[in-house]
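> from the sequence below, what's the structure:
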Amino acid sequence: MNTRDIDLRRADLDRDIALLTQIWFEASCKAHGFLGEARLREQRQLIAEKYLPMAETWVACRNEQPLGFISLLDCFVGGIFIAPAEQGQGLGRRLIDHALAQKGELCLEVYARNIRALKFYTGLGFTEMSRRPVDDEGLPFETIRMRLVRD
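Predicted coordinates:
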C-alpha cells in the first residue's frame, strides 16, 4: 500500500466512535487474545466512554474511511490500533511519525506477550525503560514501558 493515499485527521468522536471502537476491538482480539474476548468486550465500553474522550486521537483514513488511529495523553501513546486487514502496510509507522513530530518524544506500554508490537516498536527505535509483572488492572500480564525521542 502507498500511504500517500492516506489522510490523517483529528478524531471526531460524534461520527468516529463506533468505527474506532470496532477497529480497537478487532485489533485487540488479534494482538491481545491472551486477555480473553470477554475482558476485551468489557474494555471496549471503557474505550468508548472514558479513554477516547480524554485523549488526543488522530485517525488514518483512506477516502474518509478510518483504518486506524493513535490516541495520545500528552506524549504517552494510550493506544495505536490498525484494522487487521490494513496491518503491515505502513499506517502504524505513519501515525507514530505524526505523533513524534508533534510531541518530540513518545512513551508507551506494551504487553510483553505482544511480540509483533514489540518488534514494530523496536524497529522504529523505541527503547525499553522498565517492566512490570502485572498490567494496570493488577493481572499477571507483564508490560514493558518504552520511549522514543525525536532526533
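> tell me what the lengthiest strand in the chain is packed against?
Taking DSSP state E as the assignment, the strand of the chain that covers the most residues is strand 65-73. Strand 65-73 is packed against helix 13-31, strand 56-62, strand 76-82, helix 91-103, with contacts defined by 3 or more C-beta pairs under 8 Å, 6 or more residues apart in numbering; DSSP states H and E. (Glycine included, C-beta is placed from N, CA and C.)
> these: which one's closest to Gln45?
Among those, the nearest to Gln45 by C-beta to C-beta is helix 13-31 (8.5 Å).
> helices or strands up against that closest one?
helix 37-46, helix 52-54, strand 56-62, strand 65-73, strand 76-82.
> which one of the ones you listed lies nearest to Leu19?
Nearest to Leu19 among the helices and strands packed on helix 13-31 is strand 65-73 (4.8 Å), distances taken as C-beta to C-beta.
> where does pLDDT dip in the chain?
For the chain, the stretches with pLDDT under 70 are 1-3.
> which of the helices and strands packed on strand 65-73 has the highest mean neighbour count?
Neighbour counts (mean count of other C-beta atoms under 10 Å) averaged over each of the helices and strands packed on strand 65-73 peak at strand 76-82, with a mean of 22.
> what lies in contact with that one?
Applying C-beta atoms under 8 Å, 6 or more residues apart in numbering, the contact partners of strand 76-82 are 23-24, 27-28, 47, 51, 55, 60, 67-72, 91-92, 95-96, 99, 106-108.
> keeping just the C-alphas, turn that strand into PDB.
C-alpha atoms of strand 76-82 as PDB (Å, rounded to 0.1, in the frame of the first residue of the first chain):
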ATOM      1  CA  PHE A  76       2.100   9.000  26.100                       C
ATOM      2  CA  VAL A  77       0.600   6.700  23.500                       C
ATOM      3  CA  GLY A  78      -2.500   5.400  25.100                       C
ATOM      4  CA  GLY A  79      -3.100   3.200  22.100                       C
ATOM      5  CA  ILE A  80      -2.400   2.700  18.500                       C
ATOM      6  CA  PHE A  81      -4.600   0.300  16.600                       C
ATOM      7  CA  ILE A  82      -4.800  -0.600  12.900                       C
END
